[in-house]
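K.L.:
Pasting the sequence and the predicted model now:
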Amino acid sequence: MKIVPGAIFNKKDPIVIGVEVMEGTLRVGTPICVPSRDRIVLGKVFKLEHDHKPIPMAKKGQQVSMGLAPLVNDTGKSFGRHFDESDMLCSKVKMFGSLAAADS
């Protein structure tokens, strides 16, 4: 996912940002990480919105607002400190799947 420049609606607790889905499908409940920053986990998607309406998932090419809640027993992350607009985001599930395929 690519962060939409200027679409930072809340920097922390919860993080709410605009993203463009670059591949695959983004779903509520997906854990999100930043591969370029030691795969730091930002949180889990608790809401997705398109045109101010809640949606259960976003597909490739869609621009949506994404809300991230911290994982249980994890300190909250914040925009500007742990990641910024230049970082690409991906699902933690996809990240581990890619690593497992690379190890084979």
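P.N.:
Thanks, I have the structure now.

K.L.:
what's the distance between the most centrally placed residue in the chain and Pro14?
P.N.:
For the chain, Ile32 is the residue whose C-alpha lies nearest the centre (CA atoms, centre = their mean; 4.3 Å). Applying CB to CB, to the nearest Å, the value for Ile32 to Pro14 is 12 Å. All C-beta atoms are positioned from the backbone trio N, CA, C, and that covers glycine.

K.L.:
Of all the strand elements in this protein, which one is longest?
P.N.:
With DSSP state E setting the assignment, residue counts place strand 40-50 as the longest strand in the chain.

K.L.:
looking only at pLDDT, what's the mean for that strand?
P.N.:
Strand 40-50 shows an average pLDDT of 95 in the prediction.

K.L.:
Partner strands of it, with direction?
P.N.:
Paired neighbours of strand 40-50 in the sheet (DSSP bridges): strand 31-34 (antiparallel), strand 53-54 (antiparallel), strand 63-69 (antiparallel).

K.L.:
what about dumping the CA coordinates of that strand to CSV?
P.N.:
Output in CSV follows, covering the C-alpha atoms of strand 40-50 (Å, rounded to 0.1, in the frame of the first residue of the first chain):
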residue,chain,number,x,y,z
ILE,A,40,7.6,-2.8,12.5
VAL,A,41,3.9,-3.6,13.1
LEU,A,42,1.8,-0.5,13.2
GLY,A,43,-1.4,-2.2,14.2
LYS,A,44,-4.5,-4.0,12.9
VAL,A,45,-7.0,-2.5,10.5
PHE,A,46,-10.2,-1.7,12.5
LYS,A,47,-12.0,0.3,9.8
LEU,A,48,-11.9,1.0,6.1
GLU,A,49,-13.9,3.9,4.5
HIS,A,50,-14.5,5.0,0.9
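
K.L.:
what's the offset of it from the middle of its chain?
P.N.:
5 Å (CA atoms, centre = their mean, to the nearest Å).

K.L.:
pLDDT-wise, which helix or strand of the chain ranks last?
P.N.:
Each helix and strand of the chain was given a mean pLDDT (mean pLDDT, DSSP states H and E); the minimum falls on helix 92-103 at a mean of 51.
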